[in-house]
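# Here is a sequence together with a model predicted from it:
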Amino acid sequence: MPANLACGSMHVPGPARSHALRRKIPLRFWLAFAIACAPTLAGAHAWNIPYYLPVPLWLYAYAATGTLIATFLVLAFAPGSGVPQAGLPPARRRRALRIPAAALKAGQIASALFLTLLIVSGMAGTQNPFQNISMAGFWIWFYLGSLYISAVLGDIYAFVNPFAWLLQVAARYFPAMETGRYRYPPRLACYPALVPYVALIALELFGAGRPRDVSIFLLAYAAYAIAGSLCVGRSRWLEHLDALGILCRLCAKLSPLRWLPLPNGNVGIKLRNPIADIAREKPAHMSLVALQSFMLSSTAYDALRDTVPWNRFFWGSVYPQVTHYFPSLGKNYALAGEAILTWQWLSFAAIGMAYYVLFRLFCTIQAICAGAPLKGKALNGKAITQQFCLALLPIALFYHVCHYFTLFLGQGRQALALASDPLGLGWQLLPALSTASEPTPAQSLINMGYIWHAQVLLILAGHILSVYVTHAIAARNRALVGASAVSQLPLLVMAIALTISGLWILSLPLA
């Protein structure tokens, strides 16, 4: 969602700041800080309500750690816990569910019309984000909805991608878009897709929260699609540069459904074993590691930046050092605001790099533990990182869901009302649905204990699935990583560390 939205978690109230810290920082800076941290939208994917954990955090950490270790031991040593089989047993195999091409085309056109509605409503409608369909329509229904539907139902986005339909129509008038003018360097892989993905997250974290900004982003993305297709071709843009398509394709790897193109434009849907399919995949490119690392780090940063310890660290440790070397910041409020924004951008980039480096580090340690030869050469961290790239996917996806699912609870109820008045101009296109979508006071009350435990279960489920994926990849590539279970320990330690850090971030008090 828009800028300055806190983590989707329940936070306990933090202790008051010390008198020594107050002596260091003048009162005017606390006022500037309060203004700088004021949210553009209140209560998006956060519940700023005091909540005390029913038991200490360390008990949750011990329980989560024990669960991960028990899962690892069962997978590593229990009989019959080898490589999961792909597909289904012959007795349970069925013919693929066939979807006609006309239905897919209708879905693609409907998706394009919905995107057009978001652009028009953001430009012509009210700029109140709670009354304009552009905000909820893009962030909840289009961006987050596409990712989560892909994880459950498969890569449906590949067949209803509105930008793919736009390029298909444009290619009829500009045939050069099919082949492009330049050869795409294979070494770039999906690295260019990081640029629009970072821009999307920056719009969420640092944008002003206006519906018009969403429209501008969608128009810019459409221009990016057309320009990219003119340069490298339509199919290469969709495969390597379409950030939204690549993210949906990654999430769909965890789905039990596979979408298969059939003759005459039809599509078949088959059941599959996603873990077995992931284990059979070839080593991924490092660009996919970067995308998954950023998916995880961006949610972690968003959760962390509005907490008491994070802001105390900046105002108590970083900012006094800055004003010591640049005294002008202590008297110029505009420069102080720029310093805050610079700190946010730098920490955003640093945390993004930290998760990428962390995964590379544990994969390097795993390569050392395995000690197996690879084509006559010793293993290195890069080879293990590429082989176990998708072991990071469940962690990134489930933490993403954990971070945003309170957003669905909080604003998903407004969906019907926004559909009745998409521009926020007081229309009543669907009067019955508009009044039915208003929650009652009883429905607005949410048990914070349920939310906290749901988040704990989501984080734990993602890491358990990651341990299972790691085991499946290792079991299928014993010649690469070694037959010993010891070779899988580094990634187990990484999963435990990420679990504990995720629970710790969720338990921090909001600033």
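Structure's in. What do you need? None of these values were measured; they are calculated from a predicted model.
# just checking, residue 268 is part of a strand?
Yes: per DSSP: H, G, I helix; E, B strand; the rest coil, residue 268 lies within a strand segment.
# so it makes contact with residue 100?
No: judged on Cβ atoms under 8 Å, residue 268 makes no contact with residue 100 at a distance of 10.9 Å. Where you see a C-beta, it was placed from the backbone N, CA and C, and this is true even at glycine.
# so where's the stretch 251-400 of the chain uncertain?
Scanning the stretch 251-400 of the chain with the threshold set as pLDDT under 70 gives 330, 371-379.
# Show me where it has its strands.
Secondary structure of the stretch 251-400 of the chain (DSSP state E, counting those that start in this stretch): strands at 257-261, 267-271, 373-374, 377-378.
# Give me the helices and strands touching the first one, please.
Meaning strand 257-261. Counting contacts by 3 or more Cβ pairs under 8 Å, 6 or more residues apart in numbering; DSSP states H and E, strand 257-261 is packed against strand 267-271.
# Now do the buried residues in the strand it packs on.
For strand 267-271, the neighbour count (16 or more other Cβ atoms under 10 Å) marks 267, 269-270 as buried.
# what separates it from the chain centre, distance-wise?
In terms of Cα atoms, centre = their mean, to the nearest Å, the centre of strand 267-271 is found 26 Å from the chain centre.
# got the angle between it and strand 257-261?
Comparing the axes of strand 267-271 and strand 257-261 via axes from the mean of the first three to the mean of the last three Cα atoms, to 10 degrees yields an angle of 150 degrees.
# partners of strand 267-271 in the sheet?
Its sheet considered, strand 267-271 pairs with strand 97-99 (antiparallel), strand 257-261 (antiparallel) by DSSP bridges.
# Kindly compare burial across those strands and name the winner.
By mean neighbour count, with neighbours taken as mean count of other Cβ atoms under 10 Å, strand 257-261 ranks first of these at a mean of 16.
# can you list contacts of that strand?
In this structure, residues lying in contact with strand 257-261 by Cβ atoms under 8 Å, 6 or more residues apart in numbering are 96, 153-156, 158-159, 252, 267-272, 277.
# still on that earlier bit, a markdown table for the strands paired with strand 267-271, including distance to residue 294?
A markdown table is the format used below for the strands paired with strand 267-271 (distance: least, Cβ to Cβ, whole Å):
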| stretch | distance to residue 294 |
| --- | --- |
| strand 97-99 | 33 |
| strand 257-261 | 26 |
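# Quick one, which of the ones you listed gets closest to residue 504.
strand 257-261 (35.1 Å; Cβ to Cβ).
# Using PDB, list the CA coordinates for that closest one.
Taking Å, rounded to 0.1, in the frame of the first residue of the first chain, the C-alpha atoms of strand 257-261 are listed here in PDB:
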ATOM      1  CA  LEU A 257      -1.800 -27.000 -10.500                       C
ATOM      2  CA  ARG A 258       0.100 -26.800 -13.700                       C
ATOM      3  CA  TRP A 259      -1.200 -24.800 -16.700                       C
ATOM      4  CA  LEU A 260      -0.300 -26.300 -20.000                       C
ATOM      5  CA  PRO A 261      -0.800 -24.700 -23.500                       C
END
